[in-house]
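1. would you be able to build a 3D model of this:
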Amino acid sequence: MNFTPVDATNTDQAIRVIAEAFADDPVINWTCNHPPSVQPFFEITLPVLIPHRLTYLDPQGRGAASWLGPDQKLNWPVTLSNVVKIMKLGGLKGVYRMLLSGAKTEKYHPKTPHYYLFAIGVTPGNKGRGLGTALIKPLLQRCDMEGIPAYLENSKAENLPFYEGHGFKVLQQIRFAASAPPVWLMWREPHSDANADTTAGTHGS
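-> Below you'll find the model as predicted:
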C-alpha cells in the first residue's frame, strides 16, 4: 500500500485523521483535562514532527502515522502560544498536565538511537481492514534493514497485542501522575526476518 507523505499541503488532513483515531484515547484526554476534542493536542504536537518527513497518510484519509528517526530529537512543543491554546482547551489543570506529560515522556525516552513512533491511528469506521499493519510496516521494515530499534508509548491496553505482534516488548508501565491512565513503554529490536505480519488493530484500526 502506498501512503502520502505529509507536508504543509495536507497537514490539516493528517491532524484530523489522527485526532479522529485518538478521540477516545485515555492518556491524551487526561493530559488535556478531558477536552471536547483532542484535535488541538495534535494541532500543537504533529507540526513538530512533520518536517522530519516520517509522517504519512492513507490516501483515502483512513489512517496516518508519525515517526521520528534515530538522529531526530523529540522536542515537546512548550511555547507561550501553545500554553495559551492548552489553557483555553483544558484550563490550568490542562497546562499542568501537558507540561507534566512532556517532562515524563522526555525522562523515560531511551537514549539509544531508535525510530520513535509518536502516533499511529486508523479512523473508527475503518476497523478490521489491516490498515494498522499496513501503516506500521514500512518503518519497521526500514528498522530491520538498517538494524535500528523502534520505540513507542502505548496508551491502550487493548493495543498491546497489535504491537507485540509486530515485535514490540513492554519495557515498563508508567503513569504521568497518580490520577493518570497507564502508559506502556515498548521497545522493538530489529529483526533479521522482516516478513512477520499480523492484522491486529491499533487506535481504531
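2. for Y116, helix, strand, or coil?
-> strand (DSSP: H, G, I helix; E, B strand; the rest coil).
3. quick one, what contacts it?
-> Shown in contact with Y116 (Cβ atoms under 8 Å, 6 or more residues apart in numbering): 67-68, 72, 74, 109, 150-152. Quick note: C-beta positions are derived from backbone N, CA and C, even for glycine.
4. adding pLDDT, neighbour count and distance to Q39, write the residues you listed out as a markdown table.
-> Putting the contacts of Y116 into a markdown table (pLDDT from 0 to 100; neighbours: other Cβ atoms under 10 Å; distance: Cβ to Cβ, whole Å) gives the following:
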| residue | pLDDT | neighbour count | distance to Q39 |
| --- | --- | --- | --- |
| W67 | 97 | 24 | 20 |
| L68 | 96 | 20 | 21 |
| Q72 | 85 | 15 | 24 |
| L74 | 73 | 13 | 21 |
| H109 | 94 | 14 | 25 |
| A150 | 98 | 25 | 26 |
| Y151 | 98 | 19 | 25 |
| L152 | 98 | 22 | 21 |
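5. of the residues you listed, which is the nearest to L99?
-> Sorting those by distance to L99 puts L74 at the head of the list, at 15.0 Å, by Cβ to Cβ.
6. from R142, how far off is A180?
-> Computed as Cβ to Cβ, to the nearest Å, the A180 to R142 distance reads 32 Å.
7. ok so, going back, restricted to strands, list the contacts of Y116.
-> When those are checked against strands using DSSP state E, the ones located there are 67-68, 150-152.
8. got TSV for the residues you listed, with distance to L171 too?
-> Converted to TSV, these look like this (distance: Cβ to Cβ, whole Å):
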residue	distance to L171
W67	18
L68	18
A150	12
Y151	8
L152	10
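9. does the residue nearest to F118 when sequence neighbours are not counted have beta-bridge partners, and which?
-> Closest residue to F118 apart from its sequence neighbours, by Cβ to Cβ, 6 or more residues apart in numbering: S66 at 4.8 Å. Here S66 sits in beta bridges with T55, A119, as judged by DSSP bridges.
10. ranges for the strands of this structure?
-> In chain order, the chain shows strands spanning 4-5, 55-57, 63-68, 115-122, 150-154, 169-175, 182-188, with DSSP E as the criterion.
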